[in-house]
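> Attaching a predicted model along with its sequence, questions to come.
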Amino acid sequence: MGEREEDSQRLKKIAAAAYDYENDPRWAEYWSNILIPPHMASRSDVRDHFKRKFYQRFIVQDPELVVEPMSMGSSSQPAKQTFPSSSSSSSSAASEQPRARNSGSTATRTSGATATSGPTPTPAPTSLRWDRQTIQFSVNAWVFVVAVLAIFPIIPRNLSNRAYRLSFMGTACSSLYSLYSLYGKPRAWNLQAVQVWFQSVIATKDFIYFLYCLMFVSSHLYLKVALIPILCRALEHVAKFLRHNFTRSSLYRKYLEEPCVWVESNATTLNILSSHTEIGLGFLLIISLLSWQRNIIQTFMYWQLLKLMYHAPVTAGYHQSVWSKIGRTVIPLVHRYAPFLNTPLSAIQRWWFR
């Protein structure tokens with residue numbers, strides 16, 4: 001029972017870490033209302049702590065998700081060096097204090113700047129963020145509809161195959177647009193600048209899905225099961241956008257609110273389903289090598305992508321959980337019935353963990 005609770009907590013923490021905070025306007029407002037010293041706001045562990053609290057309170061609303069208290073020991077010494085007279089008060093104030101509760105001090109602190117510079121205009125990034133979210137919603141809603149057409153059994157074969165390719169093309173475009181919106185382009189078009197930019201995006205979920213789509217959009221092998229991760233991704237984006245922007249719509253409250261709440265509260269389940277599908281596709285591609293539609297290069301590149309998914313932080317938790325289950329089932333059978341496979345499996349494991 002204790003192991004189940006630990007696994008449940010671990011999966012919930014993985015889902016909290018994988019949540020797309022940057023595209024959620026509520027997170028930007030929540031973070032801006034946290035009053036902590038500047039030297040602590042720059043620390044990644046502090047930011048991750050408040051992300052987990054935000055995820056628990058506003059996304060899943062799950063009281064069973066345990067958020068550990070933030071350790072203050074490592075930050076006390078720098079605080080004493082920077083603020084010798086108020087180190088204790090700075091350490092005790094490092095908690096979640098929305099500015100709405102301290103409106104008086106905030107107004108006093110900003111009154112001088114307001115008097116000299118006049119009314120503050122509406123910041124441009126808000127409108128840009130809204131535009132990006134609207135475009136992503138439109139593309140992902142289109143991908144969802146087209147992917148459903150590709151899977152639906154009564155659709156003619158030619159139309160189904162075309163919808164199959166269009167689903168991957170739409171997801172690839174959505175992923176590229178998201179990468180460009182969040183990370184921009186390389187500072188310069190030389191090898192060093194491109195390498196630095198590439199290292200910053202290689203472990204992101206959008207880049208992984210872009211590579212995933214490239215694997216299948218140009219393949220002559222139509223594996224409809226490969227659309228399941230695409231459908232899960234599009235469903236999450238669409239549900240998130242509808243919940244954040246159409247809550248006042250009577251049509252949404254009548255027909256779409258319950259499905260959207262279910263999708264957002266079961267994001268972990270959708271990610272687990274996607275990871276099972278992605279790993280199963282790897283074995284299907286190996287089996288396809290025995291058919292006339294075999295593609296050795298695609299199979300090799302896809303297993304390289306599975307290796308990246310195993311090590312990338314945004315997908316590692318789900319994939320490692322699936323591979324551990326496979327190992328617990330397969331390895332005893334190999335030791336018992338096919339011990340001659342121990343040497344090849346050891347070589348494969350060394351390559352996999354390298």
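It's in. Numbers count the residues shown, from 1 in each chain.
> before we move on, which element is A141 in?
helix 124-151 (DSSP states H and E).
> any idea which helix or strand comes after that helix?
Next element after helix 124-151 (DSSP H and E): helix 157-183.
> Report the distance from that following helix to the chain centre.
With C-alpha atoms, centre = their mean, to the nearest Å as the basis, helix 157-183 stands 17 Å off its chain's centre.
> Return the list of helices and strands in contact with the helix or strand that comes right after that helix.
On the C-terminal side of helix 157-183, the closest following helix or strand by DSSP H and E is helix 191-201. For helix 191-201, the packing partners by 3 or more C-beta pairs under 8 Å, 6 or more residues apart in numbering; DSSP states H and E come out as helix 157-183. Bear in mind the C-beta positions are built from the backbone N, C-alpha and C, glycine included.
> What's the mean pLDDT across the helix it packs on?
For helix 157-183, the mean pLDDT works out to 92.
> Check which residues of it are buried.
For helix 157-183, the buried set under the neighbour-count rule, 16 or more other C-beta atoms under 10 Å, comprises 160, 163-168, 170-172, 174-175, 178-179, 181.
> Kindly report the same for stretch 291-305.
For stretch 291-305, by 16+ other C-beta under 10 Å, it's 295, 298-299, 302-303, 305.
> Tell me the spacing between the residue lying closest to A147 once chain neighbours are set aside and L308.
Using C-beta to C-beta, 6 or more residues apart in numbering and skipping residues adjacent in sequence, the residue nearest A147 is S167, 4.1 Å away. Going from S167 to L308 by C-beta to C-beta, to the nearest Å gives 22 Å.
> where's F144 relative to S167, distance?
Relative to S167, and taking C-beta to C-beta, F144 is found at 9 Å.
> And A141, by the same measure?
From A141 to S167 the distance is 12 Å (C-beta to C-beta).
> And G282, by the same measure?
For G282 relative to S167 (C-beta to C-beta), the value is 20 Å.
> which residues touch I154?
Applying C-beta atoms under 8 Å, 6 or more residues apart in numbering to I154 gives no contacts.
> quick one: pLDDT of it?
87.
> ditto for V334
For V334, pLDDT reads 89.
> same deal with S89?
Reported pLDDT at S89 in the predicted model: 41.
> cool, T126 as well?
41.
> same thing with P259?
90.
> What are the buried residues along the stretch of helix or strand A15 belongs to?
Per DSSP H and E: A15 is located in helix 2-18. Applying a neighbour-count criterion of 16+ other C-beta under 10 Å, one finds 11-18 buried in helix 2-18.
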